[in-house]
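**Q** Quick one, fold the following:
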Amino acid sequence: MIKLQIVGNLGKDCIVKEVNGQNVINFSVAHTERYKDRQGNQKERTTWVECAYWSEKTTISQYLTKGKMVYAEGAPEADGYLNKENQPAATLRMRVQNIQLLGGNGGDAPASQQSGGSSNYNQNNNSSYAQTANNPAASVAASVASDAADDLPF
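**A** The predicted structure follows:
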(Lines give C-alpha, C1' and ligand atoms only; values in the text may rest on other atoms or scores of the structure.)
Protein backbone atom coordinates (compact mmCIF):
# COMPACT_ATOMS: atom_id res chain seq x y z
CA MET A 1 0.00 0.00 0.00
CA ILE A 2 1.14 3.52 -0.74
CA LYS A 3 0.36 5.96 2.07
CA LEU A 4 0.22 9.74 1.82
CA GLN A 5 0.49 11.95 4.91
CA ILE A 6 -0.21 15.66 4.84
CA VAL A 7 -0.32 18.44 7.39
CA GLY A 8 -1.91 21.60 6.08
CA ASN A 9 -4.79 24.02 6.14
CA LEU A 10 -8.24 23.57 4.67
CA GLY A 11 -8.84 25.75 1.62
CA LYS A 12 -12.62 25.91 2.11
CA ASP A 13 -15.35 24.44 4.29
CA CYS A 14 -15.89 20.72 3.76
CA ILE A 15 -18.85 19.33 1.86
CA VAL A 16 -20.78 16.32 3.15
CA LYS A 17 -22.55 14.17 0.56
CA GLU A 18 -24.31 10.83 0.47
CA VAL A 19 -23.19 8.59 -2.38
CA ASN A 20 -24.86 5.21 -2.88
CA GLY A 21 -26.06 5.22 0.71
CA GLN A 22 -22.63 6.07 2.19
CA ASN A 23 -21.45 9.38 3.65
CA VAL A 24 -18.42 11.11 2.19
CA ILE A 25 -16.78 14.28 3.48
CA ASN A 26 -14.91 16.16 0.73
CA PHE A 27 -12.32 18.80 1.57
CA SER A 28 -9.08 20.22 0.19
CA VAL A 29 -5.83 20.61 2.13
CA ALA A 30 -3.03 23.00 1.18
CA HIS A 31 0.57 22.54 2.25
CA THR A 32 2.91 25.47 1.57
CA GLU A 33 6.64 24.89 1.40
CA ARG A 34 8.94 27.91 1.74
CA TYR A 35 12.54 27.67 0.59
CA LYS A 36 15.41 29.63 -0.95
CA ASP A 37 16.53 28.95 -4.50
CA ARG A 38 20.19 28.78 -5.56
CA GLN A 39 20.35 32.54 -5.93
CA GLY A 40 19.08 33.02 -2.37
CA ASN A 41 15.63 34.26 -3.40
CA GLN A 42 12.75 33.29 -1.13
CA LYS A 43 10.35 30.93 -2.95
CA GLU A 44 7.01 29.42 -2.03
CA ARG A 45 5.26 26.36 -3.45
CA THR A 46 1.76 25.24 -2.44
CA THR A 47 0.53 21.70 -3.02
CA TRP A 48 -3.20 21.03 -2.90
CA VAL A 49 -4.65 17.63 -2.05
CA GLU A 50 -8.32 16.92 -2.72
CA CYS A 51 -9.53 14.60 0.05
CA ALA A 52 -12.47 12.22 0.36
CA TYR A 53 -13.22 10.77 3.80
CA TRP A 54 -15.78 7.95 3.67
CA SER A 55 -17.29 7.47 7.11
CA GLU A 56 -20.56 6.54 8.77
CA LYS A 57 -20.03 9.36 11.26
CA THR A 58 -19.89 12.89 9.92
CA THR A 59 -19.47 14.65 13.27
CA ILE A 60 -16.02 15.92 12.35
CA SER A 61 -17.45 17.84 9.38
CA GLN A 62 -18.59 20.68 11.66
CA TYR A 63 -14.91 21.32 12.52
CA LEU A 64 -13.54 21.05 8.97
CA THR A 65 -13.81 24.73 8.07
CA LYS A 66 -11.66 27.01 5.93
CA GLY A 67 -8.26 27.73 7.46
CA LYS A 68 -8.28 24.90 10.04
CA MET A 69 -5.06 22.89 10.28
CA VAL A 70 -5.39 19.12 9.91
CA TYR A 71 -3.28 16.01 9.63
CA ALA A 72 -4.64 13.45 7.17
CA GLU A 73 -3.33 10.15 5.89
CA GLY A 74 -4.61 7.75 3.32
CA ALA A 75 -4.20 6.26 -0.13
CA PRO A 76 -3.12 8.71 -2.85
CA GLU A 77 -4.42 8.96 -6.40
CA ALA A 78 -3.23 11.21 -9.22
CA ASP A 79 -5.35 12.25 -12.19
CA GLY A 80 -3.90 13.85 -15.31
CA TYR A 81 -5.76 16.31 -17.52
CA LEU A 82 -5.27 19.22 -19.91
CA ASN A 83 -5.71 22.66 -18.34
CA LYS A 84 -7.28 25.78 -19.90
CA GLU A 85 -4.08 26.50 -21.83
CA ASN A 86 -4.15 22.93 -23.19
CA GLN A 87 -1.09 22.04 -21.12
CA PRO A 88 -0.74 18.78 -19.16
CA ALA A 89 -1.61 19.12 -15.48
CA ALA A 90 -2.37 16.79 -12.57
CA THR A 91 -4.60 16.64 -9.51
CA LEU A 92 -3.51 14.91 -6.31
CA ARG A 93 -6.33 13.16 -4.47
CA MET A 94 -6.42 11.11 -1.28
CA ARG A 95 -8.90 8.61 0.09
CA VAL A 96 -8.57 9.54 3.77
CA GLN A 97 -8.27 6.76 6.32
CA ASN A 98 -7.26 8.88 9.33
CA ILE A 99 -7.72 12.56 10.13
CA GLN A 100 -6.69 14.68 13.11
CA LEU A 101 -7.58 18.24 13.94
CA LEU A 102 -4.48 20.30 14.80
CA GLY A 103 -3.67 23.73 16.16
CA GLY A 104 -5.82 23.79 19.29
CA ASN A 105 -9.53 24.32 19.61
CA GLY A 106 -9.59 28.00 18.65
CA GLY A 107 -12.95 28.53 20.34
CA ASP A 108 -14.53 25.39 18.92
CA ALA A 109 -16.02 22.56 20.92
CA PRO A 110 -13.58 20.87 23.27
CA ALA A 111 -11.85 17.70 22.08
CA SER A 112 -13.94 15.64 24.53
CA GLN A 113 -16.97 16.28 22.31
CA GLN A 114 -15.18 14.84 19.31
CA SER A 115 -15.19 11.09 18.67
CA GLY A 116 -15.08 9.79 22.22
CA GLY A 117 -12.62 12.26 23.71
CA SER A 118 -10.02 12.37 20.97
CA SER A 119 -9.55 14.78 18.12
CA ASN A 120 -8.44 11.80 16.03
CA TYR A 121 -10.84 10.29 13.51
CA ASN A 122 -9.82 6.94 12.08
CA GLN A 123 -11.88 4.99 9.62
CA ASN A 124 -10.62 1.69 11.08
CA ASN A 125 -10.57 2.88 14.71
CA ASN A 126 -7.09 1.43 15.26
CA SER A 127 -4.88 4.49 14.87
CA SER A 128 -1.58 4.59 16.71
CA TYR A 129 -2.11 8.35 16.98
CA ALA A 130 -5.33 8.11 18.99
CA GLN A 131 -4.96 9.61 22.44
CA THR A 132 -1.13 9.41 22.37
CA ALA A 133 -0.65 12.92 23.70
CA ASN A 134 -2.62 15.82 25.06
CA ASN A 135 -1.38 17.83 22.09
CA PRO A 136 -2.23 16.19 18.74
CA ALA A 137 0.18 18.51 16.92
CA ALA A 138 3.09 17.24 19.02
CA SER A 139 2.06 13.65 18.29
CA VAL A 140 1.99 14.29 14.56
CA ALA A 141 5.26 16.23 14.62
CA ALA A 142 6.98 13.35 16.41
CA SER A 143 5.55 10.85 13.95
CA VAL A 144 6.56 12.91 10.93
CA ALA A 145 10.07 13.40 12.34
CA SER A 146 10.54 9.66 12.91
CA ASP A 147 9.22 8.89 9.40
CA ALA A 148 11.60 11.43 7.83
CA ALA A 149 14.58 9.14 8.50
CA ASP A 150 12.84 6.44 6.44
CA ASP A 151 12.26 8.66 3.39
CA LEU A 152 13.51 7.38 0.06
CA PRO A 153 15.53 9.79 -2.10
CA PHE A 154 13.17 10.35 -5.04
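**Q** and Gln42, what does it touch?
**A** Listed by CB atoms under 8 Å, 6 or more residues apart in numbering, the contact set of Gln42 reads Arg34, Tyr35, Lys36. Heads up, the C-betas are built off the backbone N, CA and C, glycines and all.
**Q** okay, these in CSV with distance to Ile6 next?
**A** Below are the contacts of Gln42 laid out as CSV (distance: CB to CB, whole Å):
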residue, distance to Ile6
Arg34, 16
Tyr35, 18
Lys36, 23
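**Q** Which one of those residues is nearest to Glu56?
**A** The closest of the contacts of Gln42 to Glu56 turns out to be Arg34 (CB to CB; 38.5 Å).
**Q** out of everything not next to it in sequence, what's closest to that closest one?
**A** Residue nearest to Arg34 in three dimensions, not counting chain neighbours: Glu44, with 5.2 Å by CB to CB, 6 or more residues apart in numbering.
**Q** Am I right that that neighbour is in contact with Lys36?
**A** No. Taking CB atoms under 8 Å as the definition, Glu44 is not a contact partner of Lys36, at 10.6 Å.
**Q** what number of residues lie near the residue nearest to Arg34?
**A** Neighbours of Glu44 under the rule other CB atoms under 10 Å: 8.
**Q** Report the secondary structure element holding it.
**A** According to DSSP states H and E, Glu44 maps onto strand 42-54.
**Q** buried residues in that strand?
**A** Within strand 42-54, the residues that count as buried by 16 or more other CB atoms under 10 Å are Val49, Cys51, Ala52, Tyr53.
**Q** Now which of the contacts of Gln42 would you call buried?
**A** Buried members of the contacts of Gln42, counted by 16+ other CB under 10 Å: none.
**Q** can you list these in CSV and add pLDDT and distance to Ala89?
**A** CSV is the format used below for those (pLDDT from 0 to 100; distance: CB to CB, whole Å):
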residue, pLDDT, distance to Ala89
Arg34, 94, 23
Tyr35, 94, 22
Lys36, 94, 26
